[in-house]
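Visitor: Coordinates for the following, if possible.
(4 chains)
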Number of protein chains: 2
Amino acid sequence: MLILTSTLDLLAEKDYERLTIDEVAARTGKAKTTLYRRWSTKEDLVLAAIRAAGRPPEEDRPPDLGSLRSDLLAVIDSPWLGGPSRRLSIFVGLASATRNSKRLANIVRSEVTEPYVEIYRRLLHRAVDKGEISKNFTASVPVLAEVIPAMSTHRLNTSREPIQRDFFVSVVDYVILAALGVT
Amino acid sequence: MLILTSTLDLLAEKDYERLTIDEVAARTGKAKTTLYRRWSTKEDLVLAAIRAAGRPPEEDRPPDLGSLRSDLLAVIDSPWLGGPSRRLSIFVGLASATRNSKRLANIVRSEVTEPYVEIYRRLLHRAVDKGEISKNFTASVPVLAEVIPAMSTHRLNTSREPIQRDFFVSVVDYVILAALGVT
DNA sequence: ACGTTACGCTACTGCTCAGTAGCGTAAGTG
DNA sequence: CACTTACGCTACTGAGCAGTAGCGTAACGT
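Guide: Next comes the predicted model:
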């Protein structure tokens, strides 16, 4: 649906508060009243846009490319929500929404951020089970699973420029894999 | 100055956009006109509040407690900006401001976030120089210096609840020190 | 006593933006 | 051909909030 993807586009460019229905209308060529006929509030529209995006495909089919490193990078490169750059911008745009509405906050957490962290968590646990990583690191998995989302949103928040892939690679190599004793 | 610290308080509770001059006035018992006589815009007021906070004391006097671990925790526990909890909330509140004004964004970066990351960077480099950490890890210092701010703002953004100290300790032990091969 | 400075108060302007009213029109469906 | 459904358009209301006007008043120094 054009309207819903455009809503996500605008959410990526601005953020929830700066996203105006007028602009969604203008960009999609629809009339504002048309939007309000289908979604009775701005919150509903954004909610629908989130749901329309579906869930990350890696949730059902986690990558299995032979090494933890390549699996982590595969998730980073995932085309979900339009690839790393758009996905990250949407994450940041939605973060501001969680301050507006507790309802929105819960949906965002349960449909977007939590599933995403969960994927990393599972990859890490699987690497331990496989023996690729020592069992001594089991305790650190929950924290490490948050590292990639945390570092990338922080980067985008402070630098405003699009994030280079090198940065993700640095995080994987210098932080996550290093913390797991992978040499 | 009561007005400036209250401004920071409100910034910590809400964020830049939700901070209203009327509320600053109400909370400080001042008249709104009084505030506008001294600072001609909301942006100026917040700017003044930031400057009044000064710079982190660790910038001049980095902690030196004998181990990298205790130095990192000392910076985390720093009383600057009212201690970890208030400081972190202010960071998050200011992040929303960087979307409003490029001027504000630059000041926030140069006076608040960058100095803070720089402190971690220096602690890490010093540990390498001292020989506490192997020189092999020099390349990873810039990324690791962002880990604590990134992880803590991310936590606050997604969970909304105050952050427990255990979390910081986990980040230090399971992420940073682990990534530096400290056993 | 007198002027100056700083503050308080009430009331207003002006803008942005969510959400609504009401009317018109094209396209499908029986 | 009538009827319904869906959309477009212009114009409005109403709230929130930055910033302003104008007047009154206490505190101060001289």
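
Visitor: Could you tell me which residues of chain A lie near chain B?
Guide: Counting by CB under 8 Å from any CB of the partner chain, chain A comes close to chain B at A:14-15, A:17-18, A:95-96, A:98-99, A:105, A:109, A:113, A:137, A:139-140, A:143-144, A:146-147, A:149-151, A:153-155, A:157-158, A:160, A:170-171, A:173-176, A:178-181. All C-beta atoms are positioned from the backbone trio N, CA, C, and that covers glycine.

Visitor: tell me what the helix ranked longest in chain A is packed against?
Guide: Secondary structure of chain A per DSSP state H: the longest helix is helix A:114-130. Contacts defined by 3 or more CB pairs under 8 Å, 6 or more residues apart in numbering or on different chains; DSSP states H and E place helix A:114-130 against helix A:68-76, helix A:141-144, helix A:147-159.

Visitor: Look up how far DNA strand D lies from the residue in chain A sticking out farthest from the centre.
Guide: Farthest-out residue of chain A from its mean C-alpha position, per CA atoms, centre = their mean: residue A:33, at 30.8 Å. Residue A:33 is 3 Å from DNA strand D, where distance means CB to the nearest atom of the strand, to the nearest Å.

Visitor: which residues touch the helix or strand harbouring that residue?
Guide: Element membership for residue A:33 (DSSP states H and E) is helix A:32-38. For helix A:32-38, contacts defined as CB atoms under 8 Å, 6 or more residues apart in numbering or on different chains pick out A:3, A:21, A:22, A:24, A:25, A:45.

Visitor: Tell me which residues touch residue A:98, please.
Guide: A:104, A:105, A:108, A:109, B:157, B:158, B:160.

Visitor: Residue A:94 is in contact with the second one, correct?
Guide: Okay, so that is residue A:105. No: using CB atoms under 8 Å, residue A:105 is not in contact with residue A:94, being 9.3 Å away.

Visitor: Just want to know which of these two has more residues nearby.
Guide: residue A:94 (25 against 17; other CB atoms under 10 Å in any protein chain shown).

Visitor: ok, and the closest non-adjacent residue to the more buried one?
Guide: In space, and not counting its chain neighbours, residue A:94 is closest to residue A:108: 5.0 Å by CB to CB, 6 or more residues apart in numbering or on different chains.

Visitor: So that neighbour versus residue B:4, what's the distance?
Guide: Counting by CB to CB, to the nearest Å, the gap from residue A:108 to residue B:4 is 33 Å.

Visitor: So for these two, which sits in the more crowded spot?
Guide: Using other CB under 10 Å, the more surrounded residue of residue A:108 and residue B:4 is residue A:108, with 22 against 19.

Visitor: Please identify which helix or strand holds that one.
Guide: helix A:102-108.

Visitor: buried stuff in that helix?
Guide: For helix A:102-108, burial by neighbour count (16 or more other CB atoms under 10 Å in any protein chain shown) applies to A:104, A:105, A:107, A:108.

Visitor: outside of that helix, which residues touch it?
Guide: A:16, A:43, A:46, A:47, A:50, A:94, A:97, A:98, A:99, B:160.

Visitor: sorry, back to before: please work out the average pLDDT along the longest helix of chain A.
Guide: Across helix A:114-130, pLDDT averages out at 97.

Visitor: how about that helix: buried residues?
Guide: Using 16+ other CB under 10 Å as the test for burial, helix A:114-130 gives A:116, A:117, A:119, A:120, A:121, A:122, A:123, A:124, A:127, A:128.

Visitor: Look up how far residue A:182 lies from the nearest residue to residue A:135 once chain neighbours are set aside.
Guide: Nearest residue to residue A:135, sequence neighbours excluded (CB to CB, 6+ apart): residue A:128, at 5.9 Å. Distance, residue A:128 to residue A:182, using CB to CB: 12 Å.

Visitor: how close does residue A:27 sit to DNA strand D?
Guide: 12 Å.

Visitor: near DNA strand C, which residues of chain A show up?
Guide: Residues of chain A that fall close to DNA strand C, judged by CB under 7 Å from any atom of the strand: A:18, A:19, A:20, A:21, A:22, A:32, A:33, A:36, A:40, A:41, A:42, A:43.

Visitor: Apply 10 Å and report the result again.
Guide: Proximity of chain A to DNA strand C, by CB under 10 Å from any atom of the strand, involves residues A:14, A:16-25, A:31-37, A:39-46.

Visitor: returning to what we had before: and which of the buried residues of helix A:102-108 is nearest DNA strand C?
Guide: Nearest to DNA strand C out of those is residue A:104 (CB to the nearest atom of the strand; 12.1 Å).

Visitor: show me the contacts for residue A:11.
Guide: A:19, A:46, A:49, A:89, A:90, A:93, A:94.

Visitor: how about the helix or strand containing residue A:90, does it reach DNA strand D?
Guide: Using DSSP H and E, the element containing residue A:90 is helix A:84-97. No: Helix A:84-97 does not reach DNA strand D (CB under 10 Å from any atom of the strand); its nearest approach is 14.5 Å.

Visitor: can you give me how far that helix is from the chain middle?
Guide: In this view, helix A:84-97 has its centroid 7 Å away from the chain centroid, taken as CA atoms, centre = their mean, to the nearest Å.

Visitor: what comes into contact with that helix?
Guide: A:8-9, A:11-17, A:19, A:46, A:50, A:76-78, A:80-81, A:104-105, A:108, A:112-113, A:149, A:152-153, A:156-157, A:162-163, A:165, A:168, B:96, B:157-158.
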